[in-house]
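Trainee: build me a model from this:
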Amino acid sequence: MTMSDDHPSPTGAPHAAPGDRPGADPPRRGPLERPRSPADLLTQALLPLLALGMACFAGWYVWKTRPVEHAVPPPADAPRSPYERTLACSGIVEARSENIAIGSPTAGVVVEVSVRVGDRIEAGAPLFRLDDRSLRGALAVRRAALEQARSELVRLDAEPRRETIPPLVALVKEARAANDAAADALRRAEELFRQGVITEQDVITRRDEAAYALAAVEKAEAELALREAGSWSYDRDVSRAAVAKAEADLGTMEIDIERLTVRSLVAAEVLQVNVRPGEFVGAPPGQPLVVVGDVDRLHVRVDIDEFEIGRFAPTAPARALPRGSPGDGHALQFVRVEPFVVPKKSLTGDNSERVDTRVLQVIYECDPTPDGSAGEGRRLFVGQQVDVSIEAPGGEAEGMGRAPSAGGGG
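Mentor: Below you'll find the predicted structure:
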């Protein structure tokens, strides 16, 4: 039933059906119906199209932003062993003279640094100098003491002084004259005593005066003889010892001042400088102040796992390849074996590496520049880790393409 059937028109006449004749009156709309506007058409047609477009955009965005994994080539080829049976080890590069860590013999303030990293120095070249002002003041005092001791020795050697002899000779003559007068007075007193003119006490007084006068003569003569004899040999020996002590004290002070200028004992290259002017350094310092070493030829300290010691032969050829470097690497020459198995210290970070591993350290020598043509490999630097392949005389074959492991043994 339609709305026109349920709701009659206001006049009471029924609505015309759609199939009525054309000439009939147009149908009347009910109270709940309204004419369709352009907004209705946009809502019914545009919203579905907009939803479809958003869905397409979302699918396209998800597709474009999906994670894509690309195969990235490694920055460098993995190291390959040139030997059929390989003992793979890790090594660390050292200077041929080993790394010489130089410190300060005494505490003080650094006033001058004479070298820079990379400088080539000769044996005895100064590296840095500490403040020496206080010691130089003490040095002046020691020099004055030495001059005083030397002057005292010269004075003793120059004795007797000619100007001091005549006064002593005069004193001897004066004493002798007084002695003669006292002896004459004693003789006359004894004569008068025998005549009963004077008492015995007077004679005793004259006798004592004569004895004093004789003693004065002996004293004056002894002083003259001592002065004419010059200085005593033992006094000169004491003075010479004082001069020697003063010279030793002066030499000690000069050595202390010289020690404040730290020098290299070997011809080498400066590898590291950890001190600056104005810094205070202790004795011993907390870290090496300067590190030097002979890098014309390098040493490689190779750690061989204790389980692989039986496969190692000193005469076997060996090669070292810096990590991440192409090329054939560096040919190694055997130098020595340090016959003391030690705990491994050069850890590489491998998950299979055990901190309780013990290794035998073998020293090889090599040239800093790589073998082969220019552009293959790279120069070795002190402190650099390298992969070392040593030809194993026996044991299980490891294959041509096996890379040296990062641990202590292959």
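
Trainee: Ala177 is in what secondary structure piece?
Mentor: Under the criterion of DSSP states H and E, Ala177 resides in helix 165-194.

Trainee: any buried residues in that helix, and which?
Mentor: By neighbour count, with 16 or more other Cβ atoms under 10 Å as the criterion, the buried positions of helix 165-194 are 168, 171-172, 175-176, 178-179, 182, 185-186, 189, 193. Yep, even glycine has a C-beta here, placed from its N, CA and C like the rest.

Trainee: what's the angle between the helix or strand just after that helix and helix 165-194?
Mentor: As assigned by DSSP H and E, the chain's next helix or strand after helix 165-194 is helix 200-229. With axes from the mean of the first three to the mean of the last three Cα atoms, to 10 degrees as the criterion, the two stretches helix 200-229 and helix 165-194 enclose an angle of 160 degrees.

Trainee: local confidence estimate at Glu112?
Mentor: Per-residue confidence (pLDDT) for Glu112: 94.

Trainee: and the longest strand anywhere in the chain, what does it pack onto?
Mentor: Here the longest strand in the chain is taken by residue count, with DSSP state E as the criterion, and it is strand 330-343. The helices and strands touching strand 330-343, judged by 3 or more Cβ pairs under 8 Å, 6 or more residues apart in numbering; DSSP states H and E, are strand 318-322, strand 358-366.

Trainee: so what does the shortest one touch, helix or strand wise?
Mentor: Okay, so that is strand 318-322. In this structure, strand 318-322 makes packing contacts with strand 330-343, strand 358-366, strand 385-391, judged by 3+ Cβ pairs under 8 Å, 6+ apart.

Trainee: parallel or antiparallel, list what pairs with it.
Mentor: strand 330-343 (antiparallel), strand 385-391 (antiparallel) (DSSP bridges).

Trainee: could you check how far Ala318 is from Val62?
Mentor: Note on Ala318: its distance to Val62, by Cβ to Cβ, to the nearest Å, is 56 Å.

Trainee: right, I mislabeled it, should have said Ala123
Mentor: When distance is defined by Cβ to Cβ, Ala123 is 73 Å away from Val62.

Trainee: Arg143 falls within a helix, correct?
Mentor: Yes. Inclusion of Arg143 in a helix is indicated when DSSP: H, G, I helix; E, B strand; the rest coil is applied.

Trainee: doesn't Leu250 make contact with it?
Mentor: Yes. Using Cβ atoms under 8 Å, Arg143 is in contact with Leu250, at 6.0 Å.

Trainee: shaky segments in this protein?
Mentor: Along the chain, the parts satisfying pLDDT under 70 run over 1-34, 36, 41, 74-79, 285, 326-328, 346-355, 371-377, 394-410.

Trainee: ranges for the strands of it?
Mentor: Counting by DSSP E, the chain has strands at residues 86-95, 100-102, 108-113, 120-121, 126-130, 261-263, 268-273, 280-281, 290-293, 298-305, 318-322, 330-343, 358-366, 385-391.
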